[in-house]
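Q: just need the structure, nothing else, for what follows:
(one chain, ligands or ions: 1)
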Amino acid sequence: MEERGSPDGDPELNLDQGPEGLETPIQVVLRVRPMSTAELRRGEQSALRCSGTRTLHVRPPGGAQDVVFRFSAVLDASRTQEDVFQACGVRRLGELALRGFSCTVFTFGQTGSGKTYTLTGPRPQGEGVPVPPSLAGIMQRTFTWLLEQVQHLGTPTTLHASYLEIYNEKVRDLLSSGSPRPLPVRWNKTRGFYVEQLRVVEFGSLGALMELLQMGLSRRRSSAHTLNQTSSRSHALLTLYINHHTQMSHMDPRVPPAGGKLCFVDLAGSEKVAATGSRGELMLEANSINRSLLALGHCISLLLDPHRKQSHIPFRDSKLTKLLADSLGGRGVTLMVACVSPSVQCLPETLSTLRYASRAQRVTTRPQPPKSPAIKPTQCLETEILQLQEENRRLRSQLVQIDPKGMNSLGSGL
Ligand SMILES: Nc1ncnc2c1ncn2[C@@H]1O[C@H](COP(=O)(O)OP(=O)(O)OP(=O)(O)O)[C@@H](O)[C@H]1O
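A: Predicted coordinates for the structure are as follows:
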């Protein structure tokens with residue numbers, strides 16, 4: 001049974017000709033992770049078979065006919081992290097970001113299907129135990145490639161990063177200097193949806209960017225449940241902002257530096273609460289995750305309606321859909337990496353991921369470089385001020401503990 005064919009022709013071809021204003025489909029790459037030790041111990045069988053580089057056969061139990069899915073690329077459990085990086089064509093997205101486009105890579109799939117592993121590699125086995133470079137994920141590989149490109153550009157370029165998570169429908173800044181406070185999501189005509197007061201950090205080296213990634217990863221909410229010992233309980237968005245300072249922008253302050261964005265989104269996994277055994281706080285988190293993924297699925301379905309009007313897509317239904325609005329229906333270039341477990345026990349969730357991914361690859365965007373720079377100098381200044389205010393508050397509270405009376409002589413400060 002044919003579930004869905006790939007879009008006619010190779011979507012990569014459109015990108016090579018330059019995607020400005022062209023209807024460009026969201027590319028979907030499928031990754032099947034290896035059987036886990038627990039699945040093997042329980043003697044679970046695989047329900048999936050990859051054929052060629054783009055086709056997946058799903059064998060339903062009971063001898064029914066195979067269901068066939070096609071994607072831009074299909075990677076079986078034997079494929080390495082480097083294979084995944086190559087097959088996803090993330091370098092191509094990086095090149096577009098360097099040319100001023102807004103590009104997004106997001107992982108999608110059931111809890112425990114390998115989304116975080118694919119984006120950022122396995123978690124370290126212990127304090128100070130480094131992860132072998134061969135296991136580095138898409139993000140670290142892209143960072144290395146991007147920093148090399150920027151060095152050889154010949155145009156002065158500044159790089160900034162922000163990192164946030166959406167936890168229980170609240171946006172938290174993973175790079176904030178104090179403990180993260182919920183931040184509001186706003187909208188305006190030029191920027192679309194954006195997070196107010198989000199810290200954006202300038203970085204100049206690969207090491208500095210890797211440190212920001214580690215800082216965010218260590219602060220992101222995760223918990224153990226039946227299907228995953230370290231399950232992410234939030235959606236995480238790391239964005240790189242690239243600004244080129246051209247001759248014109250140096251000579252004329254009214255000419256903004258041109259630049260693009262590259263955003264990596266690690267979605268929290270959909271989960272059946274009965275299967276994960278979640279109770280209490282875990283259950284609340286699971287409900288919030290499932291609700292936002294449902295809102296995302298609803299927007300994707302509506303985007304496929306040929307009579308839709310962009311303004312009628314309910315992006316405002318969740319923080320996640322607000323922040324992905326441009327990647328899904330707007331001017332961005334988007335890649336989705338769908339992750340699945342091969343086990344027959346996961347088949348209902350796997351089929352639901354595959355159908356979700358099939359719908360997503362029929363969504364098109366019309367890529368356009370934004371008219372304003374990826375990040376404005378005033379935004380950087382705002383975050384620096386916020387940081388100084390936070391630092392000031394922290395030092396003041398330390399002083400109160402040491403010398404409560406001495407505080408009176410300091411005045412109100414910042
Ligand atoms: N391709 C792979 N090769 C080896 N191990 C993998 C692979 N993919 C995932 N794993 C392992 O499977 C487990 C679950 O992976 P991961 O945490 O990335 O899943 P997830 O989809 O991000 O889950 P959640 O949504 O719950 O956060 C981890 O122990 C991870 O190391």
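
Q: what does the chain put close to the ligand?
A: Counting by Cβ under 6 Å from any ligand atom, the chain comes close to the ligand at 33-34, 36, 109, 111-117, 122, 228, 230-232, 268-269, 339. Yep, even glycine has a C-beta here, placed from its N, CA and C like the rest.

Q: low-confidence ranges in the protein?
A: Counting by pLDDT under 70, the ranges of the chain that qualify are 1-21, 247-258, 273-278, 308-311, 370-388, 390, 405-414.

Q: helices of that one, residue ranges please.
A: For the chain, helices defined by DSSP state H occupy the ranges 11-16, 37-41, 81-88, 90-98, 115-120, 138-151, 206-219, 247-251, 273-276, 280-303, 319-329, 347-360, 377-402.

Q: any buried residues in the third one, and which?
A: Applying a neighbour-count criterion of 16 or more other Cβ atoms under 10 Å, the buried positions in helix 81-88 are 81, 84, 85, 87, 88.

Q: list the contacts for the last one?
A: Residue 88 is in contact with 29, 73, 105, 138, 335, 337, counting by Cβ atoms under 8 Å, 6 or more residues apart in numbering.

Q: just to revisit the earlier point, save the helices of the chain as a markdown table, and put in distance to residue 366 too.
A: Formatted as a markdown table, the helices of the chain follow (distance: least, Cβ to Cβ, whole Å):
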| stretch | distance to residue 366 |
| --- | --- |
| helix 11-16 | 11 |
| helix 37-41 | 42 |
| helix 81-88 | 22 |
| helix 90-98 | 14 |
| helix 115-120 | 26 |
| helix 138-151 | 24 |
| helix 206-219 | 30 |
| helix 247-251 | 26 |
| helix 273-276 | 39 |
| helix 280-303 | 12 |
| helix 319-329 | 9 |
| helix 347-360 | 16 |
| helix 377-402 | 26 |
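
Q: buried deepest among the ones you listed, which one?
A: Compared across the helices of the chain, helix 115-120 shows the largest average neighbour count, a mean of 24 (mean count of other Cβ atoms under 10 Å).

Q: how about whatever residue of the stretch 251-400 of the chain ends up closest to the ligand: what's its closest non-neighbour residue?
A: Minimum separation of the stretch 251-400 of the chain from the ligand (Cβ to the nearest ligand atom) falls at residue 269, amounting to 2.5 Å. Counting by Cβ to Cβ, 6 or more residues apart in numbering, residue 269 lies nearest to residue 111, which is 3.2 Å off, once chain neighbours are set aside.

Q: wait, the one you found sits on residue 270?
A: Yes: contact criterion Cβ atoms under 8 Å: residue 111 and residue 270 qualify, at 6.8 Å.

Q: who has more neighbours out of those two?
A: Shown here are residue 111 and residue 270; by other Cβ atoms under 10 Å, residue 111 has more neighbours (25 against 21).

Q: hmm, residue 262 is touching residue 240, no?
A: Yes: under the criterion of Cβ under 8 Å, residue 262 makes contact with residue 240 at 4.6 Å.

Q: what do these two both touch?
A: 97, 146.

Q: near residue 179, how many other residues are there?
A: With neighbours defined by other Cβ under 10 Å, the count for residue 179 comes to 9.

Q: give me the phi and psi angles of it.
A: Backbone torsions for residue 179, taken as degrees, to the nearest 10, come to phi -70, psi 140.

Q: any idea how far residue 201 lies from residue 208?
A: 8 Å (Cβ to Cβ, to the nearest Å).

Q: what's the answer for residue 99, then?
A: For residue 99, the distance to residue 208 (Cβ to Cβ) stands at 24 Å.

Q: and for residue 262?
A: Between residue 262 and residue 208 the computed distance is 16 Å (Cβ to Cβ).

Q: cool, residue 199 as well?
A: Distance from residue 199 to residue 208, counting by Cβ to Cβ: 14 Å.

Q: what do you get for residue 164?
A: Separation of residue 164 from residue 208 (Cβ to Cβ): 19 Å.

Q: can you check residue 314 too?
A: When Cβ to Cβ is applied, the distance between residue 314 and residue 208 equals 39 Å.

Q: contact partners for residue 101?
A: So residue 101 contacts 19, 260, 261, 331, 332, 333, 367, 368, 369 (Cβ under 8 Å, 6+ apart).

Q: count the neighbours of the closest residue to it other than its chain neighbours for me.
A: Excluding the flanking residues, the one nearest residue 101 by Cβ to Cβ, 6+ apart is residue 260, at 4.9 Å. Residue 260 has 26 neighbours, counted by other Cβ under 10 Å.
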